[in-house]
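Asks: Need coordinates for the following:
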Amino acid sequence: MGFTLRPLARQRRLHHAIPLAIFALLLLYFSAQSLREWPLPSSGQRGTLPRPSEPMAPPSILTAPPHLSPGALSGCGSGAQSCTPEGLLPFQVQQKSGPLEVLEREEPPCLGPQGMLGRMMRAFRASLNPEGDVELSQYLAGWRELVRFLTPLGSVFAFATSEASTKVTALETRVRGLDAAHYKSLAAMTAWERQTGLLERPGTAPRDSARSSGSRTMLLLHRALRWSQLCLHRVATGKLGGPDAGVQCSDAYGTALAPHHPWLIRQAARLAFLAFPGRDRLLELACPRTRETEARAALLRTASTLEEVYNRTQGLLAERGLLHLA
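Replies: So this is what the prediction gives:
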């Protein structure tokens, strides 16, 4: 009888440990930015990690540096006006359309005007202006749609969506406030905050997160966008019989966000991802009432759009030396 009850007891303990881990993750996440005693990640961890070139790429491919074209930094200044250099900037990821490109000819309803993914993609695309800058109002509108998409995925995302909403609201306050003229775009915002002394020193957190500069808030949203993009891309391109969505999005967390989080949060996140919904559920939420191949293609197109926005933002922040601001 003792041998029969021990596995059941272990299962019960694991069942209760997951909600506790998620609760701990929520508490720690909100306090992480203000804990100055945690060691900062090394400069090697701050850069953008590349995107896998194959759906089930081995770790050596996941950590390989992105291809940089010669002279990628030429001609770009650090003022309010931005430019678009040829090739990729340092820390950007090389964009690839992915293996489902052939399925993108017919647009599923979820990518239409009323679809959640469609609304998200249009807002993020509109944030990429022809001058090579990022329009903040459209960027934040895209984030609002992204939060709506992540919210139904379960308690594992409660901390992420709540924190993202707080940061989006804080930045929207500046975009619509008394100094709104200086918060039209990312380049204009960073120039204004540098000129007026609003930028924090790299690696220091303000006592009150509500008083963070717009540039610091943008950097934190930018990192979270990278995790979202990697998660959606890996779910869209994952092979049948391969790792499930929870494993792939947990790996994406390890790539994009874990280097910036304390050890305790990283361990809690590993447990929290055990409650992540399966691939079928995520595809159904992303693109309801469509075939799996269509839902995968729609998710891949969305991930590609997020990657474009990420690369543009990464380049602008890198030019201005703001990747270590938080």
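Asks: and the residue nearest to Leu317 when sequence neighbours are not counted, how many neighbours?
Replies: Counting by Cβ to Cβ, 6 or more residues apart in numbering, Leu317 lies nearest to Leu323, which is 5.3 Å off, once chain neighbours are set aside. C-beta here means a position set from N, CA and C on the backbone, and glycine is covered the same way. Here the count is done by other Cβ atoms under 10 Å, and Leu323 has 20 residues near it.
Asks: what's downstream of the helix or strand of the chain with the lowest mean pLDDT, the next helix or strand?
Replies: In the chain, no helix or strand scores lower on mean pLDDT, DSSP states H and E than helix 59-62, which sits at a mean of 30. If you walk from helix 59-62 toward the C-terminus, the next helix or strand you reach (DSSP states H and E) is helix 116-126.
Asks: What lies in contact with that following helix?
Replies: When contacts are defined by Cβ atoms under 8 Å, 6 or more residues apart in numbering, helix 116-126 is touched by residues 110-113, 135, 138-139, 141-142, 144-146, 148-149, 286-287, 298-299, 301-302, 305-306, 308-309.
Asks: Tell me the helix or strand right after that helix.
Replies: Using DSSP H and E, the helix or strand that directly follows helix 116-126 along the chain is helix 136-150.
Asks: Which other helices and strands does that next one contact?
Replies: In terms of contacts (3 or more Cβ pairs under 8 Å, 6 or more residues apart in numbering; DSSP states H and E), helix 136-150 is packed against helix 116-126, helix 158-175, helix 186-195, helix 214-237, helix 292-319.
Asks: So, low pLDDT: which residues of the stretch 51-200 of the chain?
Replies: Low-confidence segments of the stretch 51-200 of the chain (pLDDT under 70): 51-106, 153-160.
Asks: can you tell me which of the helices and strands packed on helix 136-150 comes nearest to Ala258?
Replies: Taking Cβ to Cβ as the measure, those were each checked against Ala258, and helix 214-237 came out nearest at 9.3 Å.
Asks: Where does the residue nearest to Leu317 sit, in terms of helix or strand?
Replies: Secondary structure (DSSP H and E) places Leu323 outside all helices and strands.
Asks: gap between it and Arg234?
Replies: Applying Cβ to Cβ, to the nearest Å, one obtains 24 Å for the distance of Leu323 from Arg234.
Asks: Using PDB, write out every CA atom in stretch 236-254.
Replies: Coordinates of each C-alpha in stretch 236-254 appear next as PDB, following Å, rounded to 0.1, in the frame of the first residue of the first chain:
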ATOM      1  CA  ALA A 236       3.800  27.900 -35.800                       C
ATOM      2  CA  THR A 237       6.700  25.900 -37.200                       C
ATOM      3  CA  GLY A 238       6.900  23.100 -34.600                       C
ATOM      4  CA  LYS A 239       6.900  19.600 -36.000                       C
ATOM      5  CA  LEU A 240       4.200  17.000 -35.200                       C
ATOM      6  CA  GLY A 241       5.500  14.800 -32.400                       C
ATOM      7  CA  GLY A 242       8.100  17.400 -31.400                       C
ATOM      8  CA  PRO A 243       8.200  19.600 -28.300                       C
ATOM      9  CA  ASP A 244       4.800  21.000 -27.300                       C
ATOM     10  CA  ALA A 245       4.000  24.700 -27.200                       C
ATOM     11  CA  GLY A 246       4.800  25.000 -23.500                       C
ATOM     12  CA  VAL A 247       8.400  23.700 -24.000                       C
ATOM     13  CA  GLN A 248       8.900  25.900 -27.000                       C
ATOM     14  CA  CYS A 249       7.700  29.100 -25.400                       C
ATOM     15  CA  SER A 250       9.600  28.200 -22.200                       C
ATOM     16  CA  ASP A 251      12.800  28.000 -24.400                       C
ATOM     17  CA  ALA A 252      11.800  31.400 -25.900                       C
ATOM     18  CA  TYR A 253      11.600  32.800 -22.400                       C
ATOM     19  CA  GLY A 254      15.100  31.500 -21.700                       C
END
